[in-house]
Each structure stands twice: as structure tokens, then as C-alpha cells.
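Trainee: I need the structure of the sequence given here:
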Amino acid sequence: MPIEEVINNNSEDNNNKVLKDSDNKDYVNDLRPKILKEYVGQTKVVDSLRTAIKASGARNEAMEHVLFHGPPGLGKTTLAHVIAKEKKSNLVVTSGPSLEKPADVVGLLSNLSEGDVLFIDEIHRISKGVEEYFYSAMEDFKVDFITGSGTFAKTLTFPINKFTLVGATTRVGMLSSPLRDRFGLTYHLDFYNLEELSSIIKRSSNILNVKINDMATKQIAMRSRGTPRIANRLLRRVRDYHQVNSKTDNIDDLVASKAMELEGVDQNGLDRLDRQYLLTLAKNYNGGPAGIEALAATLNEESQTLMDVVEPYLLKIGFIIRTPSGRKVTIDGLKYAGIQVRKSDDNQKRMF
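Mentor: Next comes the predicted model:
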């Protein structure tokens, strides 16, 4: 089958899998920053991106491919939109699981215009057979497509326009070395500090036309687990609670605290599942070590949910540790769970 026919046959399928920035109306109206100047936090990443964007613009060429990795909710997708906006380029959005067949990749890449930004979320979930088609596309801006089989097999080389691939992943270790090495810019996004989160909440409250004082802002920031996505979600819940239950014009710290208590979020930012995880590890498994599958079975949750959603922040704040033998609760984690600890004669921490 001619490659042009393959591309045409897959164009309609790709339209269902790809979202262009101009069609993404929700993005225009949400709380995400649109340009680098509006972006709060990740200072070194932003500075490096600003340099790369200006340099590629001065040379009038496509920017190098970019890989963002880190916990969910820290701004990987937002930065992809920002790069496209700063480059004045069209943004094409898709995800790893939606690229199922080589023809999907060929159709997607052939429809890119010169200088477009292709954003692939969850890029670690691209299958190995599909992934190989990105190698020549990223390096040489061409796609080698094999048609026929056996002695009738032949390779057709199809040139594509120069583009910038932006990949996002929460599990960078699952990316193969050949794919990872083809990204010229690789950035790790870390959790945000209290000051950065407060700035984000202030900015979002202005966009939402919500009046909030500094103490309430700090209350929300403290419970946001170092994650802007959670900060904005909690701000919306506080806004709803204030609108229904308060007669004051401004949101104060008392209203903010009550709203988040209603959501089940404590002052450390831990929710019901986080607390269950800690208590289960501390009590059912005597503080650990315990395997993730055993914990998942006890909590009746998916192990992937615990690894991707619960554990990163508990590790960050030092409530648990990962060891070769399994997960363990730290002294701080035991204290949070309300379990007394003492030093034994062999200088080991033990629970009463």
C-alpha cells in the first residue's frame, strides 16, 4: 500500500486522538500560565527554556526536543503549552497510549507543519514497536515505513517537516535509552515550596475573582502537597464553601480551614488514602518493611495508584522510606500516626 494512502486512511483516526491548541478552548479559560513570564516556580527550568527558545528563534529553526519528568501536577503539560505559545507555533497534543499502531505515528507526523510542537503525555506508555518510528523522525525528520512482507517487503522513506517533540512522563525510568537520548533538553520538575504555592494561589484567585487574605492563602499552600494542581483544586473548593457558608467578602483562614477539613485534607496536605496508607503500614505491618503489593491488597487499592499518587509526597516529607525489603514508616511518620516510639537497648526504634 502506498504510504500516501496509509496516511490518508489514518488521518480521520488521528483527528480523534489529537487535540490542537486552537481547539482547546478550556485551556484558554483555565488557570494555567500562558507565557514564561507568568510561570511561577521551577526557576532553573524556566531560565533554561527561555534561553533555548530565544536561541532557536534567532536561528529561525525548530527548538530541540524536550522531555519533562516528575510527579503529576507540577506543570509538565503547562510548559508544553507555554513553549508553543512562546515559539508562536501550533501545538498538537496526544498521549502515549493512543499511539497504538505504526500507521498512527506516520499519519500524526505527516500532518505536522513546519515548526509545530508535538506534545506526547505519558510518553513512557508508547509501545516499543511504535517507539522506533520516532527515532528517525526526531533525528533526521523522516519516517521509514515498511510495506509488504517477506521477499516483497520494502522500506519507504517519507520526509516530514521539522518539529519539536515535547514529552512528559511521571516514570522516566521506563523510557528506553534510545528514545531518552534523543531529547536535547531534559528537565526534572520538583515539588514547589510554600512561597511559590502562595504566589500561584494569589494569581489564581485574581483570575477567579476571589478575594482571599494572606493567612488563608498560606493555609491552602500548606495543604497543597507542593503541587500547583492541588493548590488550584483546593482554592476552588474553598471558594465554593465560602460562597455557600460565609457572609464575609474575603476568604479568611478560618473559612479556608473549615473548607479543607470538609474535603478531608489535614494541615500536612494528607487525605484519607494517605492516612490509611500510613496507619496500615504502621499498625498492620508493625512499621514495615512491607511490599507494595501487600499494602495495595490490604488497602484494596491499585499498587500503581499508591506508587504514583500516595508515596511521592510521603517520601518527600519523610514519613516513609523505600528499602530493598519494602516500605517502612519513619519516626516522623509514626508520630503523625499517633504511635509512640522508644529507643531499645540495641539503639533501634520500636513501637509500644
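
Trainee: Show the contacting residues for the nearest residue to S303 once chain neighbours are set aside.
Mentor: Closest residue to S303 apart from its sequence neighbours, by Cβ to Cβ, 6 or more residues apart in numbering: A296 at 4.0 Å. The C-beta positions use only the backbone N, C-alpha and C, and glycine is treated the same way. With contact taken as Cβ atoms under 8 Å, 6 or more residues apart in numbering, A296 is in contact with 302-303, 305-306.

Trainee: repeat that for 7 Å
Mentor: Listed by Cβ atoms under 7 Å, 6 or more residues apart in numbering, the contact partners of A296 are 302-303, 306.

Trainee: now Y277: how far from T323?
Mentor: 16 Å (Cβ to Cβ, to the nearest Å).

Trainee: next one: V130
Mentor: For V130 relative to T323 (Cβ to Cβ), the value is 36 Å.

Trainee: Which one's more surrounded, the two?
Mentor: The neighbour comparison of V130 against T323 (other Cβ atoms under 10 Å) goes to V130, with 16 against 10.

Trainee: Does that one lie in a helix or a strand, and which?
Mentor: Taking DSSP states H and E as the definition, V130 sits inside helix 128-140.

Trainee: tell me the secondary structure for the nearest residue to I207 once chain neighbours are set aside?
Mentor: In space, and not counting its chain neighbours, I207 is closest to L31: 5.7 Å by Cβ to Cβ, 6+ apart. With DSSP: H, G, I helix; E, B strand; the rest coil as the basis, the three-state label of L31 is coil.

Trainee: Spatially nearest residue to the most centrally placed residue in the chain, not counting backbone neighbours?
Mentor: The chain has P72 as the residue nearest its centroid, 3.2 Å off, counting by Cα atoms, centre = their mean. The shortest distance from P72 to any non-neighbouring residue, by Cβ to Cβ, 6+ apart, is to T170 (5.5 Å).

Trainee: surely that neighbour meets D308?
Mentor: Yes - at 6.0 Å, T170 counts as touching D308 under the criterion of Cβ atoms under 7 Å.

Trainee: Name the member of the contacts of A296 with the most neighbours.
Mentor: L306 leads the contacts of A296 on contacts (other Cβ under 10 Å) with 20 neighbours.

Trainee: Alpha carbons of stretch 241-253, as PDB, please.
Mentor: Below are the C-alpha coordinates for stretch 241-253, written out as PDB (Å, rounded to 0.1, in the frame of the first residue of the first chain):
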ATOM      1  CA  TYR A 241     -17.500  26.700  50.600                       C
ATOM      2  CA  HIS A 242     -17.200  30.500  51.200                       C
ATOM      3  CA  GLN A 243     -19.900  31.200  48.700                       C
ATOM      4  CA  VAL A 244     -22.400  28.900  50.400                       C
ATOM      5  CA  ASN A 245     -21.500  29.200  54.100                       C
ATOM      6  CA  SER A 246     -19.900  32.600  54.700                       C
ATOM      7  CA  LYS A 247     -21.300  36.100  54.600                       C
ATOM      8  CA  THR A 248     -17.900  37.900  54.600                       C
ATOM      9  CA  ASP A 249     -16.400  39.400  51.400                       C
ATOM     10  CA  ASN A 250     -13.000  38.000  51.900                       C
ATOM     11  CA  ILE A 251     -11.900  34.400  52.400                       C
ATOM     12  CA  ASP A 252     -10.100  34.200  55.800                       C
ATOM     13  CA  ASP A 253      -8.000  31.400  57.300                       C
END
